[in-house]
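In: Fold the stuff below for me.
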Amino acid sequence: MALSARVATRRSLAFLAAVTLTATLTATAVAQETENPETGTTTTTTTTESTPSTTTGAPTTESAPTTSTETTAAESSEPQPSSTAAAKLDITATTGTGPYLVGRRIPVEVTITNTGDADATGVKADSYTASGSSFFVQSSEWGDLATWPTTGAGATVPAGQKLVRTVHGEVQQWSGAVPLVRFTVRIGNAWADSTDLSIPLVAPDSGTDTAAGLVYGDRNGNSAPDAGEGLADVAVRLYAAGQSVETRTDAEGRFRFTDLPVRVYSLSVSDVPDGWVITPAYSQIEVDGNGSAANVVLRGERPLTDRLSASMRFTKDLYNVGDRAEIQITLTNSGTDDLAGLKAFCDRSGGEGPELRDVDLGELGWTAPGVAVPAGQSRTFTISGAISPETEQYGSVVYGCDFGPEEQSDGHPVAVAWARVPAPPADLRVRFYHDRDGDQIGRPDEMLPGVVIGLKDVITGAVVAKATTDAEGRVLFQNVPAGPYEIRVYGPWTFRDDGRHILTVGSCRLCQSEATIALVPGPDVPEEDLSPVQPPAAGGDAAPTGGALAQTGASVLGLAALGLLALVGGFGTLLYTRRRSA
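Out: You can find the predicted model right below:
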């Protein structure tokens, strides 16, 4: 009986605890309800937990929302579900019926539709090849939808509306199957939708065709080929899929390629005689199996240099890093017609090396209307830029431009301006060879000994040093003032490539490397006299310490001191050198 009493006691205590807990919870719930005496309604505040979103909107880090609802006394006091407006994006992509040639720019219409009830912001789209031949769309084709660069804000698609964008892509390499391209759309970083599109293509190996045509110089300016205007021996090149074929025009200016796989080819010309400029120099032709490329006509026109010349000069001979430098540009029209819309196209190499920075081209700028130069007259313009820290490694600053009404540079007059920047002297190493086997490699048995080489200061025009190549074709100029020098070759040799060969003495990485230059037999060029350079008062002669430094206009120490004086005294020293070398 004692055991039964203990069990009964435990059950009573458990029941009492349950009643107490129920009363507590009921009291809490009642405490949260308040009656509005004016309306006779009861306001119930309910807190709901957030659940995983089923929309494709960007993820949020906000806390769970708190909602307030009003119900009458007769209505249920249970919380009602809330609805949140959200964007919902769908994407579709279509193209023409085709089939398209490999290499052709193919338009694809992409439609992004917002079927949700909220605006979609930060919308971006992209594409990639899921299978088959690679189909590439440039990022710039997407505009504000582009995923690259990643800093773009994206586009906005309002609720219930759609955005249509036409992008262009192409297949350059045929892999044996048409591309299946996946187009995707996202809101911020959250994926929203995707769609697949098969691009219809013509297999290049499904047929062959011929490409042929005429290259002519339009001597009478009537924009049509006439008898006797064909340009002979012009190199014509077709390029596609990493491979190229080349031929030359015959005596009448005609060329022909046969048995070409059907596709789009890039066409270019070179070795055009007598300065003729083929416009455009690069184009695309469609070899489609229907003879579409059988009569290609490439028109040549006289270069702008026949009528327009240009010169550039810095307004000072010496600048320090950080200076603001000015360049005077003179354009001369020697023709019988006025020239208009002329612009300066500068720094085409992209800004590396000892060039100006933050350049102000003024009315010669790319985006400006351009300038006019009347027939038979010259006009002078001024541009400016900052001397960059990189110039100190080269002992100089250089800036080059070509001039014309269009960005296409063929036939434009070109001008370059140079000035010195203080820098210590350095050595210059050059090796010369005769490429007898034409493999573009200087082999040991092709080195040229006994060739006399000169250094001509590009800025002053003075021949400052001469030397003779050793048994390995090498020449070493030591302690040369930093800056640009034109390589001069004397005797029965000349450069394989046309134009001036300018090397820089300085501390830059390439300046320290040995340069290799190919020579070919040419007319005998007599040696030039060294320009007289008066050594500084504190200077003196010093014997060469090695290499092939044979003669200088001043001693080795004198040249080094000249560079150091430029570093310290600068402008006056260079002016003196210029006067003595004039």
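In: What's the separation between the nearest residue to residue 307 once chain neighbours are set aside and residue 303?
Out: Leaving aside its sequence neighbours, residue 307 sits nearest to residue 335 (C-beta to C-beta, 6 or more residues apart in numbering; 3.3 Å). Any C-beta I mention is one placed from the backbone N, CA and C, and that applies to glycine too. To residue 303, residue 335 is 12 Å away according to C-beta to C-beta, to the nearest Å.
In: Can you pick out the residue with more neighbours from the two?
Out: Each of residue 335 and residue 303 has its neighbours counted (other C-beta atoms under 10 Å); residue 303 has more, 18 against 14.
In: and that one, what does it touch?
Out: 275, 276, 277, 410, 411, 412 (C-beta atoms under 8 Å, 6 or more residues apart in numbering).
In: Produce a ChimeraX select command limited to the buried residues of the residues you listed.
Out: The buried subset of the contacts of residue 303, as determined by 16 or more other C-beta atoms under 10 Å, is captured in ChimeraX by this line:
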select :276,277,410,411,412
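In: and which of the contacts of residue 303 is nearest to residue 307?
Out: Nearest to residue 307, judged by C-beta to C-beta, of these is residue 411 at 10.2 Å.
In: Quick check: closest non-adjacent residue to that closest one.
Out: Take residue 411 and drop its neighbours on the chain: the residue closest to it by C-beta to C-beta, 6+ apart is residue 303, 3.2 Å away.
In: Next: residue 343.
Out: Spatial nearest neighbour of residue 343, excluding adjacent residues (C-beta to C-beta, 6+ apart): residue 370 at 4.7 Å.
In: Find me the pLDDT at the one you found, would you?
Out: Among the per-residue scores, residue 370 shows a pLDDT of 97.
In: Wait, residue 133 touches residue 170, no?
Out: No - counting by C-beta atoms under 8 Å, residue 133 does not reach residue 170; the two are 10.2 Å apart.
In: any idea how far residue 527 is from residue 433?
Out: 21 Å.
In: Neighbour count: the two, which is higher?
Out: A direct count of neighbours by other C-beta under 10 Å for residue 433 and residue 527 places residue 433 higher, at 21 against 13.
In: Can you pull the poorly scored residue ranges out of the protein?
Out: Scanning the chain for pLDDT under 70 picks out 1-83, 351, 533-582.
In: how does it divide into domains?
Out: Per automatic domain parsing, the structural domains of the chain span 89-202, 207-302, 306-420, 426-581.
In: okay, now residue 415: neighbour count?
Out: For residue 415, the neighbour count with other C-beta under 10 Å is 21.
In: show me what contacts it?
Out: Taking C-beta under 8 Å, 6+ apart as the contact definition, residue 415 lies against 310, 311, 312, 329, 400, 401, 402, 403.
In: hmm, try it at 6 Å
Out: Residue 415 makes contact with 310, 311, 312 under the criterion C-beta atoms under 6 Å, 6 or more residues apart in numbering.
In: what do you get for residue 100?
Out: By C-beta under 6 Å, 6+ apart, the contact set of residue 100 is 106, 201.
In: Can you name the residues in contact with stretch 376-383?
Out: For stretch 376-383, the surrounding residues in contact (C-beta under 6 Å, 6+ apart) are 326, 327, 328, 329, 330, 331, 332, 361, 362, 364, 373.
In: how about the strands of the stretch 301-450 of the chain, start to end?
Out: 308-314, 324-333, 339-346, 356-360, 371-373, 378-387, 396-404, 414-420, 426-433 (DSSP state E, counting those that start in this stretch).
In: Please identify the most buried of these.
Out: Across these, averaging neighbours per residue (mean count of other C-beta atoms under 10 Å) puts strand 396-404 on top, at a mean of 23.
In: which strands and helices sit next to it?
Out: Counting contacts by 3 or more C-beta pairs under 6 Å, 6 or more residues apart in numbering; DSSP states H and E, strand 396-404 packs against strand 339-346, strand 414-420.
In: Determine which of those approaches residue 389 most closely.
Out: Of all these, strand 414-420 comes closest under C-beta to C-beta, at 15.4 Å.
In: Verify the stated contact: residue 372 with residue 340.
Out: Yes - the criterion here is C-beta atoms under 6 Å, and residue 372 meets it with residue 340 at 4.3 Å.
In: ok so, going back, nearest to residue 148 among the strands of the stretch 301-450 of the chain would be which one?
Out: Of all the strands of the stretch 301-450 of the chain, it is strand 356-360 that lies closest to residue 148, at 26.3 Å by C-beta to C-beta.
In: quick one: buried residues of whichever strand or helix holds residue 156?
Out: Following DSSP states H and E, one finds residue 156 within strand 155-157. Neighbour counts over strand 155-157 (16+ other C-beta under 10 Å) mark 155, 157 as buried.
In: Provide the strand pairings for that strand, with the direction of each partner.
Out: The pairing partners recorded for strand 155-157 under DSSP bridges are strand 120-131 (antiparallel).
In: Wait, residue 409 touches residue 400, no?
Out: No - the pair residue 409 / residue 400 is not scored as a contact, 11.2 Å apart, by C-beta under 6 Å.
In: what bridges to residue 270?
Out: Beta bridges link residue 270 to residue 235, judged by DSSP bridges.
In: Could you check how far it is from residue 246?
Out: Counting by C-beta to C-beta, the gap from residue 270 to residue 246 is 9 Å.
In: again, but for residue 153
Out: 47 Å.
In: which one of these two has more residues nearby?
Out: Per other C-beta under 10 Å, whichever of residue 153 and residue 246 has more neighbours is residue 246, with 13 against 10.
In: so how far is stretch 185-204 off the chain centroid?
Out: Stretch 185-204 sits 27 Å away from the centroid of its parent chain (C-alpha atoms, centre = their mean, to the nearest Å).
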